[in-house]
Structures are given as structure tokens and as C-alpha cells.
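Peer 1: what shape does this take:
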Amino acid sequence: MAAGMLAAFGALTYVGIAVLHQPPGLAVLVGVVAALALGLAWLIVATQRGEAAMRRQLAEVADRLRLSERRQHDGETKLALLIEHARRLADEPRPANAIDVEATGTLLRELAEVVSGQEEVVSALAQRLAVLEGGAVAPPVAAPRPGFAPVAAPAAAAPYAAPPRPAAPEAPPRPARIARLADAAPWPQPVAVPAPNLRLMKDAILGDALELFLQPIVSLPQRKTRAYEATLRPLEAAGRGLSAGDLRNAALATGLAARLDRAAITRTIGLVRVFRQRGRDATVMTVLTPAGLADADVSASLRRLVAEEPETAASLVLMLPQAALRSLGPIEAATLDEIARGGVRIGLCEATDLRFDAEALAARGIRFVKTAAARLIEAGQEPGELLEIHAADLGGFLARHGISLIADGISAEQSVLDLLDFVVPLAEGDLFSTPRQVRPEILGQAAPAAASAAAESQPPERTSFRSLLRRASV
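Peer 2: Residues are numbered from 1 along each chain as shown. Below is the predicted model:
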């Protein structure tokens, strides 16, 4: 750089004296100013390059830290489940099998090694991130050696003799994070429903006295309708102020969630068919519970829809609450994966924990994530939020994995103004439009089309040769 500054100084001085015939003092001054300007420009460029390199290093370290935390979280989750399984085995009246004890001990030992190794990785990456944020050059981080937790190897299996069953020892205290995972409330969480409303909604579900409502989902900031959410409400919901969430809570409390999901899926599919008959390629979302995924009729309807009407299936989005998605059993998970592979899009709703694993969600076929606008704004304003990225970048982070973020519960213009700093492509709320009832005769228009399609799919009736001769002789 010094050579460049000297060259610029010499060139400008020569041009000023020899070509422009300027006084030597003025030519030298111009050359000095030009050389200093060139040096300042080089310093600015070098600083920007250094900042860009620093940002790349910070992003790389943050990605590695997120990956390590995710692996550690998975390991701790498996460890918590195994601990609970071992405790249930210990509480059973029958004697434990020595082979099962040895296999469980081996799994516990392997999980302890993984967790301890991940803790070293997280600690090293956190130190490097702190050094980078301080502006110093971080030393290279050596690959952590997997640590070994002090888990005693199981004793050799001895010939079994039925000793008297000793009293169960007190369980050792569990780590805080594992305790939270093991003690988390399963889905569904109990919700108190007033007795009169509970009786009304139970009778409405059993008697199929339900109405279908549609609420548009609009784009921001254009506020153009991009999709609809279909919900069911009792016939007398308007007079009592009951919502679709109240109906779902009542169904969960009375064990009628599968029956409610069956009615919601049937009406929503019929509405999608009506839209397609009218030439409208509209996306319709509806909430489904794990009980619906495990129901034979609901899963059969979805499989038949995927196999026979792929275009209709592509316009349907099944939304699952975040707590329900995290507690799916093997049957529900298999059904969800099958219909997602068939073309039905999956969505995540009622999201309160904004620490999303976007790559894992996309792998499960999830294309929409819905959270309350107030929750999103609160996460952006609270500096203590333990998010991997800033809440304002959450929409862009999900969009890079093909997932659209939806902010719902918007009832005031101030919420829209607060969301301008967030990358939120879709929004829903009473501010844009309240849920509107779908007339029953509109849903009835889909029945003839479905019946005609079923009739066309049936083979023609066969007529015997003797019947043809009898008809010809008449």
C-alpha cells in the first residue's frame, strides 16, 4: 500500500509540474492530498473486508453452536425417556430381566458419553464466540474428545434366584433440563370448560349440529387474501360467545376429539371441492388433533383423497398445535408422514416456543408456522428471550427452508405497525375479517360431484348372455 501511495504522489507531482506547469509547491501538496486519500480509501475497504470476515466467522460459530445444542437436546431427551422407562420397570412387581438391565445400562452409558461430549463442544464454541465478539482473533478450537460419564458397568448376569423384593430406593435428583422434559405435561393439557357450555358443545358434536366458518389469511403489507382457515362452531355459538378453540377444548375434555376432527375434515374437503368447481385454487387450512390422526375414518379419508384427488389434496393444509406435534405417537406420526408425502401440506399452529428447528420441520412436510402476533412482538422486545436468532429474522429464517410464518390474533392497526420490523408474509385476525359462516347449501354442491366421480370409478354392470337373449325375444 505504501508503494501505491508513493506512486500516486510521484505521478500527480510530475503531472502538475511537467504537464500543467503548476508551481512545485502546489504540485507537491496535491500529490500528498491524493496519496492520503488513496490511503484512506484502502483503509476503509480493508476495514469492511475485515468486518465481513468477522461476520462470516460469527455466523459459522453460531451455526455450529445451534447444531451442538440440538444434538445435546436430542441426547438429553432420549436419556430422560430411558430414565422414566427404567423407573417404570423398577416399579413393576415382576423381577427385572438381567438382559434388559444390561441393555438399558449400555444405552445409558452411550447417551451419557454423547451428552458429555456435546457439553464440551458447546463450551468451546461459546468461548470462541465470546472471543470473536470481543474483536480478538480466536485460537483454533481443537476437536473435543468425547467424555465418559462415570456410569458403572452392569455386573455380570448371575443365575436368577427370586430374592425378597427390597424397598424401592429414593430416585437421585435429575438435572433441571431433563426434569423439565420428563415432567412436561402431555397433550392434551386439561382446560377448564364451564358445565353448561360443555354440555352444549358435547350435544352439538354428537348431534352434528355444527357450522363451518371461514376466516381469510392475508398477505402483508398488501392485505390480499392468500388462504382461508376453516373452523367448526356449535349452532348456538354466536349467542354464547363460543369460539372454535372452546369447541376443541370441549371435545378433548369429553373424548370426542376424533369425532370433531372427522366432521372438520369432511366439511373442509367438501369446501375445497366447491372452490375447485368454481375455478378457484384456494388454500384451506383446518386444525387437526392427534386423536384425528389415529382415527381410522379420518386417516382413510385422507389417504383416499391423496390417491384419488391429488389436486384437491394439494389445496388442503392440516394444522397441528405445537404441543400436539411434539407428543405424537408412532401411529399418528406414520399417518402424518404418509399424507405429507402424498401432497397434503402440514402446518404448525399455536406456537409459543419460537426456538424452531426449521430443517427438521421442513423434513416433516411442514410448510406453515402460525404464532400469535403478540407473542412475536413480545419476543422481539424482550432481550432475555433465549432464541437462536432475533425474532425479527424469524420469518426470513423459516422462509429459507420453505416455511411461511403466519401471525394471528391481529385485532388492531397498532399490531400491524409493530410487525413492520418483522419478516411476516401472512397474517390473520378480526382486523382483516371476522370468521364468516359458510352456508350449508354451498357445501351441498360438493356432494353431487363426489357422487358422480365415485359412480364413474365403478365398473359398468355386467349383463349375462341369457338376459340379452330374453330381452331380444320380447
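
Peer 1: roughly how far does residue 350 sit from residue 212?
Peer 2: 20 Å (Cβ to Cβ, to the nearest Å). Every residue, glycine included, has its C-beta placed from N, CA and C.

Peer 1: the two - which one has more neighbours?
Peer 2: More crowded of residue 350 and residue 212, by other Cβ atoms under 10 Å: residue 212, with 24 against 18.

Peer 1: against residue 403, how distant is the more buried one?
Peer 2: Distance from residue 212 to residue 403, counting by Cβ to Cβ: 27 Å.

Peer 1: repeat for residue 315
Peer 2: From residue 315 to residue 403 the distance is 18 Å (Cβ to Cβ).

Peer 1: which one's more surrounded, the two?
Peer 2: residue 315 (23 against 19).

Peer 1: residue 51: neighbour count?
Peer 2: Neighbourhood size, residue 51 [other Cβ under 10 Å]: 10.

Peer 1: typo on my end, it should be residue 366
Peer 2: The number of residues packed near residue 366 is 26, by other Cβ under 10 Å.

Peer 1: ditto for residue 391
Peer 2: By the measure other Cβ under 10 Å, the count of residues near residue 391 is 21.

Peer 1: that one reaches residue 375, doesn't it?
Peer 2: No: contact between residue 391 and residue 375 fails when scored by Cβ atoms under 8 Å: they sit 9.2 Å apart.

Peer 1: mutual contacts of the two, please.
Peer 2: Common contacts of residue 391 and residue 375 (Cβ atoms under 8 Å, 6 or more residues apart in numbering): residue 354.

Peer 1: show me the domain layout of this structure.
Peer 2: 1-136, 195-450 (automatic domain parsing).

Peer 1: most tightly surrounded among the ones you listed?
Peer 2: Of the domains of the chain, the one with the most neighbours on average (mean count of other Cβ atoms under 10 Å) is domain 195-450, at a mean of 18.

Peer 1: check which helices and strands the longest helix seen in the chain sits against.
Peer 2: In the chain, assigned by DSSP state H, the helix with the most residues is helix 24-91. The helices and strands touching helix 24-91, judged by 3 or more Cβ pairs under 8 Å, 6 or more residues apart in numbering; DSSP states H and E, are helix 2-14, helix 98-134, helix 176-182.

Peer 1: of those helices, which shows the lowest average pLDDT?
Peer 2: Lowest mean pLDDT within the helices and strands packed on helix 24-91: helix 176-182, at a mean of 37.

Peer 1: could you identify the helix or strand that succeeds it?
Peer 2: Downstream of helix 176-182, the next assigned helix or strand under DSSP states H and E is helix 195-206.

Peer 1: so after that following helix, what's the next helix or strand?
Peer 2: Trace forward from helix 195-206 with DSSP H and E and the next one is strand 210-219.

Peer 1: with only the CA atoms kept, save that next one in CSV.
Peer 2: This file holds the C-alpha atoms of strand 210-219, laid out as CSV (Å, rounded to 0.1, in the frame of the first residue of the first chain):
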residue,chain,number,x,y,z
LEU,A,210,-72.1,-27.7,13.8
GLU,A,211,-71.5,-24.7,11.5
LEU,A,212,-68.4,-24.2,9.2
PHE,A,213,-66.8,-20.8,9.4
LEU,A,214,-64.1,-19.3,7.2
GLN,A,215,-61.6,-16.6,8.1
PRO,A,216,-59.2,-15.2,5.4
ILE,A,217,-55.4,-15.2,5.8
VAL,A,218,-53.9,-12.1,4.1
SER,A,219,-50.5,-11.1,2.9
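
Peer 1: got the angle between that strand and helix 195-206?
Peer 2: Using axes from the mean of the first three to the mean of the last three Cα atoms, to 10 degrees, the inter-axis angle of strand 210-219 relative to helix 195-206 is 90 degrees.
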